[in-house]
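Chemist: mind looking at a prediction? Sequence and model below.
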Amino acid sequence: ALVATGGLPQITLRGVGNDIVGPGVDPGFALHTNGIYATQLATALLDFYDVERIEVLPGPQGTLGGRNTTGGGIYIHTHRPTESYEAKADFETASYGKARARVILNAPLGETLGVRIVGAFESQGKPYDADGLDQNYGSNALGAGGSARASLRWQPTEALTFDLIGSYARDGSQGGAVRFLEDYPAYPAGQSPLFGRSPDYTSATPNPSGALHLNQNRGQDQEYRVAWGQLIGEWDLGSVIAKSNTHYALWDYAIDRDQDVSDVDAERLVLVDTHKSWTQEITLQSDYDSRLQWLIGGNWQRDRAPDTRVPVWNYQQQAAAANFVILDAVKLAVGDVTPAEICQGGSCFFSPLPADYTFVELNADTTTEVAGAFLNLWVDVTDQFRLIGGARFSYTRRDFRDESRFDVFTEALDTPALAPFVPFLLFAYGININQLAILAPLRGATTLASGNTVRPDLEDKWTSVTGNIRAEFRPADDLLLYGSFAAGERPGGFNFVEGWSTENPGFDPETILAYELGAKTTIADELQLSVASFFYDYDNKFITQVVNNVANTENGKKAEIFGAEVQMLWMPTEALRLSANVGWLSAEYASRFLTEDDSLGLDNPTGFDPLGIPGNRHGNGPGGLARTPENIDGNPLNRSPDWTVSLGAEYGFDLGANGRVAPRLDFSWRDEVYHRQYKNPLDRQKAYTRTDLAVRWDQEVGTGLWGEVYVQNLEDRRKIKTNLESATTHRAWWLAAPRTFGLRLGYTWAGDSLPF
């Protein structure tokens, strides 16, 4: 099952994916554009158009180029200039103000040169609107998205080809729906919300009942940009083909939105991330008549993320935390106040603070350098039996510099009146220091001055040898049987908070061993059928543990994945095309591992209150009990449905001189999934179906005018949770689009000369 989510892209295939995000964390499921590994999926999909072909390869990859991956990869190959003239243009409009326009131009420039230019513009409009009530996005200052790509091909000889490609893409829309689906947490009478890690929603407008309605106190702005240039040279030397692939890219994205989607000024997410990367790959591939074929190559990639920032603003929650720890903890220690009376009507040391004051600013500078050498062999042992094998050596070095700021706490330490109480605070909270964000910077600190926490630079290196072997047997021309084994590794890295500790400087690499058996057959030139069964042995799997409202990566113990897939394509006539895919998956953690569910809210059965106020399920503060660690052994992996089913049907009606009409139906059913490792009911997306319908008319197949009308999500399901945005003070979900109607119109022309 291939699962892609809303929000920052998180792709999962067969239970393995890139659901871990953070500074210096490599994707587990990789995306390659024209052979180049994309270090950041958040922006790599922006120019996903004018594509020649797309390949989805499951399991560990890396022996044919690119980088090591554990989950698999998507390989995108864009169109290159051709020797003929070509022009394409299309326009799309859909519900909620969505609009998109694209144009493609291809032209030869003499006998040795060719150019291809493509451009696209998209306006998301108001993506979700129900019963005449828009989501309250407020004003979006960034506008819509657009992209352009130009390719120049120079072929000075039949044996030598150069492709120079440049691309720029920008998405400045407000993004999809992020929704708080449950009621806002409500504290029982007499209990303080000040440091219960969930803001006080007493004054909030009640959460709307409609899934597509929001109450927000600020608009939502986000911008993704990527610019890249690529030079590909290929030289046919007769028996060997030499290829060089050089790539440079600039990525950056910024998000600024109301994080808890309420009209309380409680939480604001601001995220800034920039990347610069250089990649060079060289390969030699055999091209001669022999039972042995080979490919050998090497590559190098340097990715620099000099500015990864997550400022946490001084809104209700953060100001309350500062009030409690700095002043109210002292009062509590000498018996002047009870937990229920903290800062309610009394004096608070940090009341008020400026509205735009930065309470915490996580800031990292990360550099990753990767070098690899790889070899792949194809051996036809007999006419019916083939062996394929590959190996890869990888070297990864990651440098991590943390420049985070904890202004409120460090300025409090500089306050002479509080200096006598600092030792008491450290003693009283030292045991549970992991749960107090404002004390976290003291762990391993070297300097505390002027609101800055300075950490020593961290560096680590990893080497690995991975590979695969595959055996193929053809007992008949229309039947292929195969078995394969592959090993993959994803290098480790560092965290914002945990990286400050000398005891836990980061996380180690994860590894995976993948076994697969399968068969592919064609029956009567009409029916294509493939079946596959697989087992993945997953060790040191990356998991997310939220510490101090910051998502950290740590190593779990072990996971096991069993699965089977059946794919069918049947074309009983030239006009009728039927497809069906069925997948079964059992993806679970397979050893005892204790981790803490840091999600909050009084309705959360595994939630907690750091103050340990009587009546709450778990305590973690003065007089309270520590959180109860949870054993995730047997829990399902994130976004791993047990069953998936997809069906497709298309029938083409020939209208003679009036063209061709083809209605199409796509139906899918996906079993329930959990978006985190705890099997918490609030993290679950229930099983659901989705039906899409479309009718396309072509003046002439492959050329001329064409048009299409469609409806997506015919069921109009409005609570399909595609991604969990946060699991600390609330649960805000990315939701799939509701029922959407659309119209596409286009024109295609091609010829050996210009039409004028």
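Modeler: Looks like it arrived, so ask away.
Chemist: now do the contacts for T748.
Modeler: Neighbour list for T748: A87, K88, G702, T703, G704, W706 [criterion: CB atoms under 8 Å, 6 or more residues apart in numbering]. (Each C-beta comes from the backbone N, C-alpha and C, glycine too.)
Chemist: just the buried ones from these?
Modeler: The neighbour count (16 or more other CB atoms under 10 Å) marks A87, K88, W706 as buried among these.
Chemist: closest to L57 among these?
Modeler: Minimum distance to L57 across these is 28.5 Å, recorded for K88 (CB to CB).
Chemist: what about the strands in the stretch 101-250 of the chain?
Modeler: Listed in chain order, the strands of the stretch 101-250 of the chain (DSSP state E, counting those that start in this stretch) span residues 113-123, 129-130, 133-134, 145-157, 160-171, 177-180, 221-236, 240-258.
Chemist: ok so, going back, so can I have TSV of the buried ones among the contacts of T748 showing secondary structure?
Modeler: Converted to TSV, the buried ones among the contacts of T748 look like this (DSSP: H, G, I helix; E, B strand; the rest coil):
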residue	secondary structure
A87	strand
K88	strand
W706	strand
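Chemist: want to try TSV for the strands of the stretch 101-250 of the chain, with distance to L637, mean neighbour count and mean pLDDT as columns?
Modeler: Rendered in TSV, the data for the strands of the stretch 101-250 of the chain read as follows (distance: least, CB to CB, whole Å; neighbours: other CB atoms under 10 Å; pLDDT from 0 to 100):
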stretch	distance to L637	mean neighbour count	mean pLDDT
strand 113-123	33	18	90
strand 129-130	33	16	42
strand 133-134	37	14	39
strand 145-157	32	17	92
strand 160-171	29	18	92
strand 177-180	24	24	69
strand 221-236	27	19	89
strand 240-258	27	19	89
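Chemist: V695: which of those is closest?
Modeler: From these, taking CB to CB, the stretch that ends up closest is strand 113-123, at 22.8 Å.
Chemist: so what touches that closest one?
Modeler: Here strand 113-123 makes contact (CB under 8 Å, 6+ apart) with 47, 49-50, 79-83, 97-109, 143-155, 171, 173.
Chemist: tell me which strands that strand pairs with, and in which orientation.
Modeler: Using DSSP bridges, the strands paired with strand 113-123 in its sheet are strand 98-108 (antiparallel), strand 145-157 (antiparallel).
Chemist: so V701 makes contact with V661?
Modeler: No: with contact defined as CB atoms under 8 Å, V701 and V661 do not form a contacting pair (11.3 Å).
Chemist: state the distance from R218 to L269.
Modeler: R218 sits 10 Å away from L269 when distances are taken as CB to CB, to the nearest Å.
Chemist: which residues do those two both contact?
Modeler: With contacts taken as CB under 8 Å, 6+ apart, R218 and L269 have R257, D258 as neighbours in common.
Chemist: more neighbours: which of those two?
Modeler: Using other CB atoms under 10 Å as the criterion, R218 and L269 rank with L269 on top: 20 against 16.
Chemist: for whichever strand or helix holds the more buried one, packing partners?
Modeler: When secondary structure is defined by DSSP states H and E, L269 falls within strand 268-286. The contact analysis (3 or more CB pairs under 8 Å, 6 or more residues apart in numbering; DSSP states H and E) places strand 268-286 against strand 36-37, strand 240-258, strand 292-313.
Chemist: which stretch among those strands comes nearest F593?
Modeler: Of all those, it is strand 292-313 that lies closest to F593, at 27.0 Å by CB to CB.
Chemist: what pairs with that closest one, and is each one parallel or antiparallel?
Modeler: Here strand 292-313 has these sheet partners by DSSP bridges: strand 268-286 (antiparallel), strand 358-380 (antiparallel).
Chemist: can you put the ones you listed in a markdown table and add distance to L164 and mean pLDDT?
Modeler: Written out in a markdown table, the entries for the strands paired with strand 292-313 read as follows (distance: least, CB to CB, whole Å; pLDDT from 0 to 100):
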| stretch | distance to L164 | mean pLDDT |
| --- | --- | --- |
| strand 268-286 | 15 | 89 |
| strand 358-380 | 24 | 86 |
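Chemist: could I get these in a markdown table, plus columns for distance to A559?
Modeler: Rendered in a markdown table, the data for those read as follows (distance: least, CB to CB, whole Å):
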| stretch | distance to A559 |
| --- | --- |
| strand 268-286 | 28 |
| strand 358-380 | 25 |
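Chemist: E526: which of those strands is closest?
Modeler: strand 358-380 (28.6 Å).
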